[in-house]
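K.L.:
sequence and computational prediction follow.
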Amino acid sequence: MTRAFTHRGVRTGLEENTLIAFQRAVDLGVDHLESDVHASADGTVYLFHDETLDRVTTASGRFNDFSDAQLAQVRAGGQPLCTLDMLLDAFPQALLNLDVKDEHVIGPLAELIERRQAHGSIALAAFDTRRSAAVAALLSKPVRRSPGQRDMVLIWLCAHLFGRVPHRLIRDFWAVQVPLKQGVIPVATPRFVRAVQRAGAQVHVWVANDEPTIRLLAARGVDAIMSDDAELLVKVLGAQA
């Protein structure tokens, strides 16, 4: 069965990665929440995608340069910014799939996971596998992880050239998280999905926002789909069940 992930929450405007955006997803029955994490100048972990505040908030400048007191005044789509502590408090049963956006957040994120003993509630992703590995190395217990781009290229090549993925490429990861295509290059093909799953990992695909793509991926047997349109995703996957 293919699971539904909400991508930065359900938003009607610029309130991505805010508490209300994730509440809307949970209200639809989605309990796998994808987000991104940055740290403030004070070392507090926030859910936020961009390197700067400019695109979606009332402020501008590099996220990491702002103190907690300053960020408390910032709004995204009219909503206050959300810390990881707030998200864990609000949805203790959810699985949080977190993209480690830069080196600045590595230590604060590891400290938070340890402090809250949230190892089972969090899955780590990053464009560069070294960032998620650096967080994991600071933890007392294992957490779920997915590979970054360089590792994914090797996994994809093995899957398509040989129809199998060597265990050494996949053993540290619970899932591979990929787009349906990278430019004109197909990524989440049936051959890729089968090879990764046979190697013992899940396949998660992002970001599918239309019914034909969601149906296609579900028919290929992917383990999870990330979408900006959680309502559509839940509806289509429910009809497929």
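P.N.:
Structure's in. What do you need?

K.L.:
those strands in this structure, which residues are they?
P.N.:
For the chain, the strands defined by DSSP state E occupy 3-7, 32-39, 45-47, 75-76, 79-80, 95-100, 122-125, 144-145, 175-179, 181-182, 185-186, 202-206, 224-227.

K.L.:
which neighbouring elements make contact with the longest one?
P.N.:
Using 3 or more CB pairs under 8 Å, 6 or more residues apart in numbering; DSSP states H and E, the elements in contact with strand 32-39 are strand 3-7, helix 19-27, strand 45-47, helix 84-90, strand 95-100, helix 106-116. Backbone N, C-alpha and C define where each C-beta goes, glycine included.

K.L.:
packing partners of the longest one?
P.N.:
Under the contact criterion of 3+ CB pairs under 8 Å, 6+ apart, helix 106-116 touches strand 32-39, strand 45-47, helix 84-90, strand 95-100, helix 129-137.

K.L.:
could those be laid out in a markdown table, adding distance to residue 195 and mean neighbour count?
P.N.:
Shown next, in a markdown table, are the helices and strands packed on helix 106-116 (distance: least, CB to CB, whole Å; neighbours: other CB atoms under 10 Å):
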| stretch | distance to residue 195 | mean neighbour count |
| --- | --- | --- |
| strand 32-39 | 23 | 24 |
| strand 45-47 | 33 | 25 |
| helix 84-90 | 34 | 17 |
| strand 95-100 | 22 | 23 |
| helix 129-137 | 19 | 19 |
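
K.L.:
could I get those as JSON lines with mean pLDDT and distance to residue 108?
P.N.:
Shown next, in JSON lines, are the helices and strands packed on helix 106-116 (pLDDT from 0 to 100; distance: least, CB to CB, whole Å):
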{"stretch": "strand 32-39", "mean pLDDT": "98", "distance to residue 108": "4"}
{"stretch": "strand 45-47", "mean pLDDT": "98", "distance to residue 108": "5"}
{"stretch": "helix 84-90", "mean pLDDT": "98", "distance to residue 108": "9"}
{"stretch": "strand 95-100", "mean pLDDT": "98", "distance to residue 108": "11"}
{"stretch": "helix 129-137", "mean pLDDT": "98", "distance to residue 108": "10"}
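
K.L.:
dump these to JSON lines, plus distance to residue 26.
P.N.:
Below are the helices and strands packed on helix 106-116 laid out as JSON lines (distance: least, CB to CB, whole Å):
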{"stretch": "strand 32-39", "distance to residue 26": "8"}
{"stretch": "strand 45-47", "distance to residue 26": "14"}
{"stretch": "helix 84-90", "distance to residue 26": "8"}
{"stretch": "strand 95-100", "distance to residue 26": "12"}
{"stretch": "helix 129-137", "distance to residue 26": "25"}
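
K.L.:
any idea which of the ones you listed gets closest to residue 19?
P.N.:
Nearest to residue 19 among these is helix 84-90 (6.0 Å), distances taken as CB to CB.

K.L.:
just the C-alpha atoms of the closest one, please, in PDB.
P.N.:
Listed next in PDB are the C-alpha coordinates belonging to helix 84-90 (Å, rounded to 0.1, in the frame of the first residue of the first chain):
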ATOM      1  CA  LEU A  84      10.500  21.400  15.500                       C
ATOM      2  CA  ASP A  85       9.700  21.300  19.200                       C
ATOM      3  CA  MET A  86       6.200  22.700  18.400                       C
ATOM      4  CA  LEU A  87       5.600  20.200  15.600                       C
ATOM      5  CA  LEU A  88       6.600  17.200  17.800                       C
ATOM      6  CA  ASP A  89       4.400  18.600  20.600                       C
ATOM      7  CA  ALA A  90       1.400  19.000  18.200                       C
END
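
K.L.:
so where's the protein shaky on pLDDT?
P.N.:
For the chain, applying pLDDT under 70 flags the ranges 241.

K.L.:
can you give me every residue that contacts residue 158?
P.N.:
Each residue near residue 158 by CB atoms under 8 Å, 6 or more residues apart in numbering is listed here: 164, 165, 166, 169, 195.
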